[in-house]
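>>> I'd like to go over a predicted model; first the sequence, then the structure.
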Amino acid sequence: MSLKEELSCFPVGFLASSMASSSSSLEQRKEEIFKELREDKTVVLVGEHGIGKTWMARETSDRALKENLFTKTLWLFLNRKYNSRSLHESIASQLSLFSATVEWEVEDDNGEAEKKYLEDLKQKISSTLARHKCLLVLDGEGNKMTDAERSELETLLFSSCCLLITTTNRISNIVKDQSTVIELKRLSDEESSSLLRREAGTQVFKYPGIELLADAVAKKSKGLPAAIVATAKALSYFGQNKSKGGMESALQEAADNGSYDATQLLCSFYNMLPEKDLIDCCWHSNYIFRDHGSIHYNELIAYWMMEGYLGEVNCIEKAYERGHRVLMELLDLGILKKQSVHDVIMEGAMLNLADGRRCGFFETASLGMAEVFKDGEWEGLGSITQADGMIKTLCTGKRRSAISMLLLDGNRLFKEIPRDFDQSNMELQVLVIFNPALIKLSLSLAEMENLNVLVLRGCDFLVNMDDIGQLKTLKVLEVSGSSSLEMIPDKLFEHMPHLQSLNLSTLPIRSLPSSLYDLSELCWLILRRCHCLETPVSLERLKNLLVLDLSGATSFPGFKEESFEHNTKLQVLNLSKTKITKLPKFLALVELTHLLLSGCEWLKGLPSIQYLVSLQILDLSGAIKFPRFHDQTFENNVSLKILDLSKTNIAHLPSKISNPHYLYLKGCSQLKKLAYIEALKYLQVLDLSSASNLVEIENQFFEHLTDLRQLLLSRCSSLVKLPDLNSLTKLEVLDLSETKIADPPSLSNLSNLRRLLLKKCTFLKELPLLKSLSKLEELYLSGISSLSGTGANFLEHMSQLRILDLSETRLEQLPPLSNLKNLNHLSLADCPHLVTVPHLEALTELEFLDLSGTAISHPPNMKNIQGACSRKIKYHWSISSWPAEALTESDRHPESVSGTQFLQLLEESPSLWETNFKKFHFFIHPLGMQNNNGDKIFYRNDNNGDKIFYRKELIFRDIYFCTRKFAHPFERSLEIHGFCSFPNGVELVLRHAEFVFLIDNSFIRKLSDLDAKNTKEMKVCWIERCNEMESVFHVEKVDNSAKLGEKTVDVAKLEEIREDVAKSGDIARLEEKFLHVENLQGKSFENLKYLYLDCCPKLSSVFSPQRPENLEILQIKFCDNLDTLLESESAECTLPKLHTLHLLALPKLKSIGCKLPSLRSLKVVECPMLVNVLSSPRQPENLEILQIKFCEKLEIVFEDSASAHYSLPNLRTLHLQELPNLRSIGGEFPPELDRIVRECPKLQTRPLV
């Protein structure tokens, strides 16, 4: 399913399902609207944001079409900006005057051509409207439409259309004389609760107490359906993803706090999102939608890439897939909603949320485009698409090359930007290249007179950027990641007066060019990790600066000025990990919100911060020489939310410290006593971890901390006593690990505690009473010597536990565990006196079980346990299955079981292969598999609490295969993913698989490691990111090992040969039979038809003399060490049925070395060492497609010493590009074909004209 198709699964106007109420007032309102439209009156729906105006308008228009009141409905969403052209094209598209593709194909010509195009379009619209009775819906009128646009609309449409207008303004600017204003009112408390329950689903309400909290929150939504639905979707999401604790906490806060509203609750939910890219993209969307209305989904994903929220972009396709997954998650959550076929918009309840994250938008964005381009200055990236490894403007019209926006990765470029990038072929406004292998920038780049945005991120080889100085129209520039660009010309920015965002991160420059200081419009300056920057910076003339980020510039000494008096607009100052010793005075920084000085080891003090009245975050963590504040009071810093003094030299806190919500004092070794401070009454997190000399906390200290959620005291190795904690009724996390506390504090009043850590509290005389902690989800008691005998009876009262660690204790007996239904992690390691675990089989959610070092002699019965991993269980992998039918067409969900369970199932019912498993797709992975960010992937819970795969991940994989033209029916397919050693037992599945994926497996060095007898059914093999793969079809001498993963041929067969030869004494006979055994290897792949190799860095060859005779398709990409396809140059290799050969980005490939008589498609890209492509006396007479690009040393395509030229009678496509040494093609072909020959200066024989 394409992204467009998948987006169509989301209803336009997300309230469509939620507002389907039986409320008589609602139905009466619909009828009233419909009645007015029957009388051809203009109807104006008035209501505040989130009241359901768009939903009501869509309901009405749909009914009007069904009842033939109108023949056409036109929608204009006025929260977006229209120019004359886009306005007419939107209407024309809805009238089906051209397809969406054609709509995007029309070029942005200037002058007469543009004028004629618009006149023709107007004429088509007018003539079409004359044949129809139309309803025109103006959604969100009053936001962005100018008088000129309004007048143009009136001329074009008003005379022939009936109007339905939605607005927040009671007096609409577009009304006819006969108009009816209908005000939509808020829902009642009862309607609000009903709507929230219906939208959240039943799963979330299975938790005790959630229902009452949700009803209380519904009332605080103020009757706005949008806020209620957004809250319900968040509840549903977190309820399904085992985030019950955080969800309940946020609901409790909203229910109890009189000033807490629905938007604050949403803010809490969104900061609980499980992955960083989700959080970053969520908040970035908040910024970008504030000023830009709706956005095409491709454009939004491109923004995320450009700002760096999708991580390092090594491959555009994979980054796009990651962005698509995030997009679908945000649609699932209701944060984004679909407005039209292509456009998404942010839920209105989210738009005004304050980003209170520690690393907020300003600290995470790379370009800050949402702030740089304010409303009216930027029309966006335009209509773009992802295809062919790039993101670019959609254009396939007459001037195909007029591209205004282009995102590329380094795989598509070589040492210089190709000459295609010149002014005559391109009208680029936005050019983004990730990881380019450029040494210098070509002159053609400097001639791009319309370029507004240029990003060269990760350009490691760049040594010169002088030509950039000619880009006079630039507003955003990033050149980052070069290790060789040591100097920037002083006058580089002299002709860039409009530059507003500049990112020079990770450049080894020692100073900034003088012309930079004259950039009066600059508001965003990013110099992260410029380790060599050693010259002080002047900010005096940078008066519009909003963000200055020098984090990681480890040699940066400071500023030239004595104060920041000229930088009144500065909001973010990040000097983390610099060499700064003192700061200018903060006299005029009244808008500064973030002051970040983490890791400033040379900083000895701060000027007075009393002028920083907007300061929200002050981070001094790691400023090890910082002893004290100049101010002893923070009374003016009323906005301060986060204060981090971790690993500073501070010995005490100021007496009046404003009202921070988060206070971090980790590793403050000089802190010996924590005195009572009344101003900390709003504190939510107090972290004193590793404050090794903290001896005393005053008795009254916790009395007023009624909002405290986390108290972290781990490794406070001098702390022997705690004051009373009973006032901390909202406390959720308490960590006392590795303290010397002997007498535990009472926990009886901490009824909201969810996480308790007492690890290695060896001085603890006895456990505190834990029976009252019924909401506890995580309990860590490892290493407590006083926990012995039958001392774990408190577990009977903890039904919500998910993690239980009782390792290294003296327990002898556990109570029955049957009530711990939610437990998924149980560690009993090194409990030497423990002989049994009662009712372990009841723990059906268990994922990890450690019984090592116990006295348990027999492994427990794991039959009912989903995905359990135990150190006494043989198989450390899990197998998951989804239907063999196309994923996009099936509503069934994948199921996951442990390897143990699956193999037991096969052992009990081997006939399953011929019944249930005639078609299958199995995915085998290590338990607890993680992605590159350390996050668990693929798992979530469905509405029944069952563990399943992320469905969208599977859909992505389906799309991923199809886009590479490697599609194959999912008959019997198996994916083995992420193993360091061969997963024992998998061979039972492998023997039946026709389609085999081997991804991220370091155990495999050659395909024979799978064992010949296990691969006889294999038709398709996909090998990706197997970093130890050295060869594919390689046969070594046989050893005596019979271990799977080491054995190359059947050892029993070898022994039979040896016995035979021993009787006859015929050594020649031995050699003959040994070769016969080797050939068994080749026959094991006799069914193999398709082979795909991707990112195997150690792969040096593919074929030995033994090769798969029936191979039809071979694709190889990004294998850096591959120098030949054929292992032995002296051997001959013919692949008689191979018809498709694609080779991409193989930097060491020197020879193909195989005869390919059936070849029909040959593509060779970025193989710089290849001198000739095919050298064989037999011509590839069936060749239809020949594409060769970027092969620097290629001299001849077809070379045969026995013949002057090949004849290629069937050739239909010939593309030769960037082949500087190509002398001859060596073939003759028909004159009529698709032909492109570019940048081949030495080509002597040119059959093309």
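Structure's in. What do you need?
>>> rest of the way, CA atoms for contacts and neighbours
Fine.
>>> now the stretch 751-900 of the chain, which segments are flagged as low pLDDT?
For the stretch 751-900 of the chain, the stretches with pLDDT under 70 are 857-900.
>>> can we see that at 50?
By pLDDT under 50, the low-scoring segments of the stretch 751-900 of the chain are 867, 870-876, 882-895.
>>> any chance you could map the helices in it?
Counting by DSSP state H, counting those that start in this stretch, the stretch 751-900 of the chain has helices at residues 899-908.
>>> ranges for the strands of it?
Ranges of strands in the stretch 751-900 of the chain, per DSSP state E, counting those that start in this stretch, are 755-757, 778-780, 788-789, 803-805, 810-811, 825-827, 848-850, 869-870, 877-882, 895-898.
>>> got the buried residues for the second one?
Neighbour-count burial for strand 778-780, counted by 16 or more other Cα atoms under 10 Å, picks out 778-780.
>>> got JSON lines for those, with distance to residue 585 too?
As requested, the buried residues of strand 778-780 are exported to JSON lines (distance: Cα to Cα, whole Å):
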{"residue": "778", "distance to residue 585": "47"}
{"residue": "779", "distance to residue 585": "48"}
{"residue": "780", "distance to residue 585": "47"}
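>>> closest to residue 1137 among these?
Closest to residue 1137 out of the buried residues of strand 778-780 is residue 778 (59.5 Å), distances taken as Cα to Cα.
>>> The closest one touches residue 756, doesn't it?
Yes - counting by Cα atoms under 8 Å, residue 778 does reach residue 756; the two are 6.3 Å apart.
>>> Show me where the stretch 1001-1150 of the chain dips below the pLDDT cut-off.
For the stretch 1001-1150 of the chain, applying pLDDT under 50 flags the ranges 1037-1055, 1057, 1061, 1067-1082.
>>> ok, 70 please
Low-confidence segments of the stretch 1001-1150 of the chain (pLDDT under 70): 1034-1084, 1105-1106, 1128-1131.
>>> quick one, helices of it?
So, for the stretch 1001-1150 of the chain - with DSSP H, counting those that start in this stretch - the helices run 1051-1064, 1067-1083.
>>> again, but for the stretch 1-150 of the chain
Using DSSP H, counting those that start in this stretch, helices in the stretch 1-150 of the chain cover 3-7, 15-18, 24-38, 53-66, 84-94, 100-105, 111-129, 147-153.
>>> what's the third one packed up against?
This means helix 24-38. Packed against helix 24-38 by the contact rule (3 or more Cα pairs under 8 Å, 6 or more residues apart in numbering; DSSP states H and E) you find strand 42-46, helix 53-66.
>>> what does that helix contact?
Helix 24-38 is contacted by residues 42-43, 56, 60, 64, 69, 162, 180, 182 when judged by Cα atoms under 8 Å, 6 or more residues apart in numbering.
>>> In these, find the pair that's most separated.
69 and 182 (20.0 Å).
>>> coming back round to it: ok, of the buried residues of strand 778-780, which one's closest to residue 1174?
Nearest to residue 1174 among those: residue 778, at 63.8 Å, using Cα to Cα.
>>> out of the helices of the stretch 1-150 of the chain, deepest packed?
Ranked by mean neighbour count, these are led by helix 53-66 with a mean of 18 (mean count of other Cα atoms under 10 Å).
>>> one step back: could you dump the helices and strands packed on helix 24-38 into CSV and include distance to residue 1239 and mean pLDDT?
Shown next, in CSV, are the helices and strands packed on helix 24-38 (distance: least, Cα to Cα, whole Å; pLDDT from 0 to 100):
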stretch, distance to residue 1239, mean pLDDT
strand 42-46, 61, 88
helix 53-66, 54, 85
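>>> quick one: which of these is nearest residue 812?
Smallest distance to residue 812 across these (Cα to Cα): 62.9 Å, for helix 53-66.
>>> Who are the packing partners of that closest one?
So helix 53-66, by 3+ Cα pairs under 8 Å, 6+ apart, packs with helix 15-18, helix 24-38, strand 72-77, strand 134-141, strand 161-167.
>>> Just want the angle from that helix to strand 134-141.
Calculated by axes from the mean of the first three to the mean of the last three Cα atoms, to 10 degrees, helix 53-66 forms an angle of 180 degrees with strand 134-141.
>>> angle of helix 53-66 against strand 161-167?
Put simply, helix 53-66 runs at 160 degrees to strand 161-167, going by the same axes, to 10 degrees.
>>> what angle separates helix 53-66 from strand 72-77?
Angle, helix 53-66 to strand 72-77, by the same axes, to 10 degrees: 170 degrees.
>>> Show me how far helix 53-66 is from its chain's centre.
Offset of helix 53-66 from its chain centre (Cα atoms, centre = their mean, to the nearest Å): 36 Å.
>>> picking up where we left off before, the helices and strands packed on helix 24-38 into a markdown table, with extra columns for distance to residue 721?
A markdown table is the format used below for the helices and strands packed on helix 24-38 (distance: least, Cα to Cα, whole Å):
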| stretch | distance to residue 721 |
| --- | --- |
| strand 42-46 | 62 |
| helix 53-66 | 60 |
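>>> of these, which approaches residue 430 most closely?
Checking these against residue 430 by Cα to Cα gives helix 53-66 as the closest, at 33.7 Å.
>>> what would the helices and strands packed on helix 53-66 look like in CSV with distance to residue 1160 and mean pLDDT?
Compiled in CSV, the helices and strands packed on helix 53-66 are given as follows (distance: least, Cα to Cα, whole Å; pLDDT from 0 to 100):
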stretch, distance to residue 1160, mean pLDDT
helix 15-18, 52, 35
helix 24-38, 62, 77
strand 72-77, 49, 84
strand 134-141, 54, 84
strand 161-167, 57, 86
